[in-house]
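> Sequence plus predicted model, see below.
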Amino acid sequence: MPSSPPPADVAPAEAGPSVTIADERPDPAEVLDLFVAAGYATASDDASLRLLTTALAHSNVIVTARSEGRLVGVARGWSDFAAIAYLADIAVHGQWRHRGIGRALVEAFKETAGGEEIELLLLSRPEADGFYRRLGLEPAPEALQIRSR
Ligand SMILES: CC(C)(COP(=O)(O)OP(=O)(O)OC[C@H]1O[C@@H](n2cnc3c(N)ncnc32)[C@H](O)[C@@H]1OP(=O)(O)O)[C@@H](O)C(=O)NCCC(=O)NCCS
């Protein structure tokens, strides 16, 4: 198990024309707007905003994609910065898909979470399965879960 300290912020990098990937804490309201625009969330009510605000506050890895300041993609989750990281959410605005932004977000997430030594786990929606496989993720048949009610 690696014992290196948590990494510094990921240096902003270009992911296609005018899109900047960065390690930052976005405003929960703009993340909820993005999730709705991306079809990743259905409701943009107060309860959804409260839930997302809490989830973001307790995430220790968050990376964003912005075009001219506008949030067009986000990935968030947790890392122990030693052995394992969990990617909880990733979404790219519908008008910005298939430009490499999702890939850049996963790569930035992993880098921020600790880099090559970190094992990355996530739960995939069926419609995102092909995306994750393109990125080299493999099914984990040993995974188990307790679903929320
Ligand atoms: C999944 C998602 C994040 C992908 O974002 P994106 O910016 O379009 O992805 P990229 O452009 O970086 O695609 C990377 C590669 O995956 C492929 N890919 C993208 N979406 C795909 C899909 N749904 N099925 C199969 N392959 C896909 C791309 O063609 C590309 O392949 P290439 O490297 O050979 O060119 C985006 O479609 C999204 O936000 N979906 C709605 C939210 C969601 O379902 N999130 C996942 C929750 S588990």
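Right, received. Where do you want to start? Residues are numbered from 1 along each chain as shown.

> What lies in contact with stretch 51-62?
With C-beta atoms under 8 Å, 6 or more residues apart in numbering as the test, stretch 51-62 has contacts from 23-26, 28, 31-32, 35, 41, 74-79, 85, 88-89, 109, 112-113. C-beta coordinates here come from the backbone N, C-alpha and C atoms, glycine included.

> repeat that for 6 Å
In this structure, residues lying in contact with stretch 51-62 by C-beta atoms under 6 Å, 6 or more residues apart in numbering are 25, 28, 32, 76, 77, 78, 79, 109, 112, 113.

> again with stretch 31-38
In contact with stretch 31-38 (C-beta under 6 Å, 6+ apart) are residues 41, 44, 49, 52, 71, 74, 91, 93.

> do the same with stretch 100-107
With contacts defined as C-beta under 6 Å, 6+ apart, stretch 100-107 is touched by 15, 16, 19, 21, 63, 65, 73, 75, 90, 92, 135.

> Could I have the buried ones of these as PyMOL selection syntax?
Buried residues within the contacts of stretch 100-107, by 16 or more other C-beta atoms under 10 Å, are selected in PyMOL with:
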select buried, resi 15+19+21+63+65+73+75+90+92
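
> hmm, which two among the contacts of stretch 100-107 are most spread apart?
Based on C-beta to C-beta, the longest span within the contacts of stretch 100-107 runs between 19 and 135 and measures 17.4 Å.

> mind listing what's buried in the helix or strand containing residue 109?
Taking DSSP states H and E as the definition, one finds residue 109 inside helix 101-113. Of the residues in helix 101-113, those scored as buried under the neighbour-count criterion (16+ other C-beta under 10 Å) are 101, 102, 104, 105, 106, 107, 108, 109, 110, 111, 112, 113.

> can you tell if it touches the ligand?
Yes: using C-beta under 6 Å from any ligand atom, helix 101-113 reaches the ligand at 101, 102, 103.

> Okay, now the unreliable bits of the protein?
Scanning the chain for pLDDT under 70 picks out the ranges 1-17.

> Enumerate the residues of this structure near the ligand.
38-40, 90-92, 97-103, 124-125, 127-128, 130-131, 134.

> Of the residues you listed, which belong to helices?
Within the residues of the chain next to the ligand, residues falling in helices by DSSP state H are 101, 102, 103, 130, 131, 134.
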